[in-house]
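Engineer: starting from these lines, generate the structure:
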Amino acid sequence: MLTFLDFLIIFLCIVHFGVPLAYYRYLRGWLDKPWNLILTPNYEPKVSVIVPTYNEQGFIWDKLSDIAMQNYPMDKVETIVVDSASTDQTVDLVEAWKWKHPNIKVKIIREQDRAGKARALNFALKHVKDEIVVVTDGDSHLDQDSLKEIVKWLSHPSVGAVTGIIETQCRGNPTSNHGQRVEYIYRSHFNIVRVAESKIYSTPVFNGPLMAFRRDKLLELGGFPLDMGADDSYMAALIALKGHRSICVPDAIVYEPIPTSLKGYISLKGRRGIHLVHNFSWLLKNLSKASKRFKLVVAMEAFLHLVNPWLLLTSALLFALSLGIDGLTLVKLTTLALIVPAMAIKRIRRPLLTWITNQLILVYAAVRSIHSRELSWKKIAKK
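Structural biologist: This is a model prediction of the structure:
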């Protein structure tokens, strides 16, 4: 016989897994729908590419080479490296790269101290004169068409910001540890969600390793926020609230290295989780400013980031409590009998472990967000 606790646990599990699955199925229905955006053919405006760096000596040479090899007119591209007081050879390598490639426009500006990515970006914005601003991380790797593919969407006047999709398969084996396996599976679903939300109207979550903005919109909004760690998603959401679309497009691809250790991966995801918790808390307060279609997306994403992880944790704690009260009842034995064999199937086990890992990280991030904003952080070893 089912007890009240059994009913409550079942209800919480149905909500926890059912809501995101229903939302994901709804979003997949949008993937084949048209963008309803008429783009200007051969749109190739002048672009300033900002690369914020801090101790990127292992990546910066390849990064500058990535930009130089873009399928985009290089006479219309200026790269601005803004270095936040690196203590390694990052700046020297940029200078050496400039000397070896005199025909490529590269400017390096230096901050005296390190105070977060947003401040570095705002410092770089003072040196930007071009119509379009592209931001890309120093440790990421660009597909050869990434710049062309991300900029072309800004030819439509309704689009104010664009982000690309992150792929994890770059250098090395992306599945060599649990963190890398989790991220690989996570990104395969994450990218579908962001593109589909963009087709609805806008996505409230941007990918920091590759973003493009209209310069006038950034200046109109006062630049990147100094009190929000999610400078990428915050700007995307703010631009969407102001009436311009912030979209994620599938053909602008950026490859992001993954932390080499599980501890590093959890630290990275925890920091991003903290940023998203603060970002969605702010967004909910401003939900009334959103368009009807954007409200749906924001409300669902806020639920999935702020509420849903706690439902899983609560149901697990209640299950443990019910074991102490009732012991192994028929209902609990049946539940375990279904879970254990299912976890032996790789197609089920890996996505489920990926989901649970990210849910627990969001719970951890929510707790940390009470007293931390993680505006700057220690470097994490990646490959």
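Engineer: C-alpha from now on. contacts and neighbour counts both.
Structural biologist: Will do.
Engineer: quick one: distance of the helix or strand containing residue 96 to the chain centre.
Structural biologist: When secondary structure is defined by DSSP states H and E, residue 96 falls within helix 90-100. Here the centre of mass of C-alpha atoms in helix 90-100, compared against the chain's by Cα atoms, centre = their mean, to the nearest Å, lies 29 Å away.
Engineer: what residues of it count as buried?
Structural biologist: Applying a neighbour-count criterion of 16 or more other Cα atoms under 10 Å, one finds 90-91, 93-94, 97-98 buried in helix 90-100.
Engineer: the bottom helix or strand of this structure by mean pLDDT?
Structural biologist: Among the secondary structure pieces of the chain, namely its helices and strands, helix 330-343 has the lowest mean (mean pLDDT, DSSP states H and E), a mean of 72.
Engineer: hey, where'd the strands end up in the stretch 151-300 of the chain?
Structural biologist: With DSSP state E, counting those that start in this stretch, the ranges of strands along the stretch 151-300 of the chain come out as 159-167, 210-214, 245-255.
Engineer: contact partners for the closest residue in space to residue 34 that isn't next to it in sequence?
Structural biologist: If the residues on either side of it in the chain are set aside, residue 34 comes closest to residue 199, at 7.6 Å by Cα to Cα, 6 or more residues apart in numbering. By Cα atoms under 8 Å, 6 or more residues apart in numbering, residue 199 lies in contact with 30-31, 33-35, 247.
Engineer: those in strands, which ones?
Structural biologist: Judged by DSSP state E, strands contain the following of the contacts of residue 199: residue 247.
Engineer: most neighbours, which of the contacts of residue 199?
Structural biologist: By neighbour count, taken as other Cα atoms under 10 Å, the most surrounded of the contacts of residue 199 turns out to be residue 247 (31 neighbours).
Engineer: what's the local residue count around the nearest residue to residue 143 once chain neighbours are set aside?
Structural biologist: With Cα to Cα, 6+ apart as the criterion, residue 143 has its nearest non-adjacent residue at 5.7 Å, and that residue is residue 253. If you count neighbours by other Cα under 10 Å, residue 253 ends up with 23.
Engineer: do the same with residue 326
Structural biologist: The tally of other residues near residue 326 (other Cα under 10 Å) stands at 11.
Engineer: same question, residue 255
Structural biologist: 19.
Engineer: doesn't residue 140 make contact with it?
Structural biologist: Yes: using Cα atoms under 8 Å, residue 255 is in contact with residue 140, at 5.7 Å.
Engineer: can you tell me how far the residue positioned nearest the centre of the chain sits from residue 234?
Structural biologist: With the centre of the chain defined as its mean C-alpha position, the nearest residue by Cα atoms, centre = their mean is residue 207, 3.7 Å away. Between residue 207 and residue 234 the distance is 11 Å, computed by Cα to Cα, to the nearest Å.
Engineer: do the same with residue 371
Structural biologist: For residue 371, the distance to residue 234 under the criterion Cα to Cα works out to 19 Å.
Engineer: not counting the helix holding residue 96 itself, show me its contacts.
Structural biologist: By Cα under 8 Å, 6+ apart, the residues outside helix 90-100 that reach it are 53-57, 60-61, 64, 83, 104, 106, 108.
Engineer: try stretch 292-307
Structural biologist: Residues outside stretch 292-307 that contact it (Cα under 8 Å, 6+ apart): 20, 197, 200-204, 240, 276-277, 280-281, 283-284, 287-288, 362, 366.
Engineer: so who does residue 35 touch?
Structural biologist: Contacts of residue 35 (Cα under 8 Å, 6+ apart): residue 199.
Engineer: state the mean pLDDT of stretch 205-215.
Structural biologist: With pLDDT averaged residue by residue, stretch 205-215 scores 94.
Engineer: just the CA trace of that stretch, in PDB.
Structural biologist: The C-alpha atoms that make up stretch 205-215 are tabulated as PDB, following Å, rounded to 0.1, in the frame of the first residue of the first chain:
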ATOM      1  CA  VAL A 205      21.800  31.400 -22.000                       C
ATOM      2  CA  PHE A 206      24.800  32.500 -24.200                       C
ATOM      3  CA  ASN A 207      28.100  30.700 -24.700                       C
ATOM      4  CA  GLY A 208      30.900  32.900 -23.600                       C
ATOM      5  CA  PRO A 209      33.600  31.300 -25.800                       C
ATOM      6  CA  LEU A 210      32.000  32.800 -28.900                       C
ATOM      7  CA  MET A 211      29.500  35.800 -29.000                       C
ATOM      8  CA  ALA A 212      28.800  38.700 -31.400                       C
ATOM      9  CA  PHE A 213      27.100  41.900 -30.600                       C
ATOM     10  CA  ARG A 214      26.100  45.200 -32.200                       C
ATOM     11  CA  ARG A 215      28.500  47.700 -30.700                       C
END
